[in-house]
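[1] Need the 3D shape of this:
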Amino acid sequence: MALDGLGDRWSLLIVRDLMIRAYRTFREFEESGEGIATNILADRLRRLERHGIISAEADASDARKVNYRLTEKGIDLAPVLLDLLIWSGRHEQTGTPCAAIEQMARHREALLAEVRRRWRERDPSPLQVDGRWVWQL
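    Below is the predicted model of the structure:
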């Protein structure tokens with residue numbers, strides 16, 4: 001069942017970018033540097049919405065603009081994504097310093113609490129650890 005909604009790289013990257021980078025718009029995902037084609041991006045956003053992992057909302061300042069947001073079901077993926085990030089840093093060549101990976105592992109619960117707080121309060125800031133963006137560690 002999980003693979004139906006998240007069974008590909010692009011879906012996981014979209015969820016990661018919503019959760020960690022605080023991306024909200026199609027354009028932000030498109031310009032993320034991952035190289036996703038616009039037709040694939042549109043398809044994955046629709047699939048994630050259909051599976052209840054994200055929701056689409058009209059922008060408060062411009063109703064023509066759509067903002068995406070993780071649902072409660074989507075934010076429940078935070079532990080999975082953090083564990084994948086830690087696992088990748090420990091076992092793959094990611095360029096992330098070992099000390100940063102171990103810091104994330106040590107402070108796992110605090111990071112997850114911060115992700116949930118930001119989601120609950122609709123805090124638009126990207127996730128940081130010691131003043132550095134998580135994806136830059």
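
[2] which residue sits closest to the residue positioned nearest the centre of the chain, ignoring its sequence neighbours?
    Closest to where the C-alpha atoms of the chain average out (CA atoms, centre = their mean) is Arg16, at 1.9 Å. Nearest residue to Arg16, sequence neighbours excluded (CB to CB, 6 or more residues apart in numbering): Leu81, at 5.7 Å. From N, CA and C alone the C-beta is placed, and that goes for glycine too.

[3] could you pull out the strands for the protein?
    Taking DSSP state E to define them, one finds strands in the chain at 54-58, 66-70, 128-129, 132-133.

[4] just so I know, which of these lies nearest Ile36?
    Judged by CB to CB, the one of the strands of the chain that comes nearest to Ile36 is strand 66-70, at 13.9 Å.

[5] quick one: buried residues of the closest one?
    Buried residues in strand 66-70, counted by 16 or more other CB atoms under 10 Å: 67-68, 70.

[6] Could you do stretch 86-105 as well?
    86, 89, 96, 100-101, 104-105.

[7] just stretch 31-44 next, same as before
    32, 36, 41, 44.

[8] chain center to that stretch: distance?
    Average the C-alpha atoms of stretch 31-44, do the same for its chain, and the two points are 14 Å apart (CA atoms, centre = their mean, to the nearest Å).

[9] got the contact list for it?
    8, 10-11, 13-14, 17, 21, 23, 26, 29-30 (CB atoms under 8 Å, 6 or more residues apart in numbering).

[10] now with 6 Å?
    Contact with stretch 31-44 is made by 10-11, 13-14, 17, 29, as judged by CB atoms under 6 Å, 6 or more residues apart in numbering.

[11] Let me know the closest of the residues you listed to Ser125.
    Asp17 (13.7 Å).

[12] Look up the pLDDT of that closest one for me, please.
    Asp17 is assigned a pLDDT of 91 by the prediction.
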